[in-house]
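J.: build me a model:
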Amino acid sequence: MFNENLNALNRQGVDAEVRFEIGQFSFGDLSTALNWSFVSEHEVIEPGLATKDRAGQRVNGQIAVPEHRVNFALNWQHDDFSASWQSYYIDSMLEEVSVKQGDQIVNFTNTVDSTLTHNAQVTYHVDSVDTQITLGVNNLLDEAPPFATGNGNNADPIHSSLYLGREYYLRFKTEF
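T.: Below is the predicted model:
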């Protein structure tokens with residue numbers, strides 16, 4: 001006996017990345033990076049079921065496909081120090097939800113709001129002993145995850161990093 005996956009996935013869109021070295025200055029080197037992903041079509045093809053385009057949608061907490069995702073970073077480095085600021089944008093999504101109420105299935109839609117979050121970190125490099133000490137914060141502005149009804153628990157894996165709120169960290173990395 002064996003199992004066979006009969007489903008197929010048709011996904012179309014554009015991914016772009018731009019990196020730019022701003023320049024070298026007396027206060028350090030500056031650079032930026034921008035990553036953009038656009039999903040124009042996301043179809044899950046299941047035998048015997050109608051195929052629907054799910055780009056920009058979230059379905060019963062199982063599929064979350066924002067049309068746009070953007071990551072931006074501003075980086076600085078000077079002597080033994082470096083720092084970076086990262087911003088992450090996730091587009092809003094239309095959510096189709098089916099819930100059982102008594103003996104009936106009730107269908108409704110909800111808009112999962114877009115999010116913009118920011119992370120920052122500063123690193124001290126001790127090159128003589130291949131060591132880095134980093135102090136950082138994720139979700140700097142303490143952005144709450146958007147409301148998503150999904151499977152009834154507001155659990156949305158695409159926004160999971162926001163559930164912890166603002167998060168500080170200290171990282172020690174060495175190589176030997």
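
J.: when you work out contacts or count neighbours from here on, use the C-alpha atoms and nothing else.
T.: Will do.

J.: so what's Ser87 up against?
T.: With contacts defined as CA atoms under 8 Å, 6 or more residues apart in numbering, Ser87 is in contact with Asn71, Phe72, Ala73, Leu116, Thr117, His118, Asn119.

J.: ok, and the closest non-adjacent residue to it?
T.: In space, and not counting its chain neighbours, Ser87 is closest to His118: 4.4 Å by CA to CA, 6 or more residues apart in numbering.

J.: you'd agree the one you found is in a helix?
T.: No: according to DSSP: H, G, I helix; E, B strand; the rest coil, His118 belongs to no helix; its state is strand.

J.: for it, give its distance to Tyr169.
T.: Distance of His118 to Tyr169, given as CA to CA, to the nearest Å: 14 Å.

J.: ok, those two, which is more surrounded?
T.: His118 (20 against 10; other CA atoms under 10 Å).

J.: report pLDDT for that one.
T.: Note on His118: pLDDT of 97.

J.: contacts only, for it.
T.: Going by CA under 8 Å, 6+ apart, His118 touches Trp85, Gln86, Ser87, Tyr88, Asn138, Asn139, Leu140, Leu141.

J.: doesn't the last one belong to a helix?
T.: No: the assignment for Leu141 (three-state DSSP) gives coil, which keeps it out of a helix.

J.: and the pLDDT at it?
T.: Leu141 is given a pLDDT of 95.

J.: with the third one instead?
T.: With respect to pLDDT, Ser87 has a value of 97.
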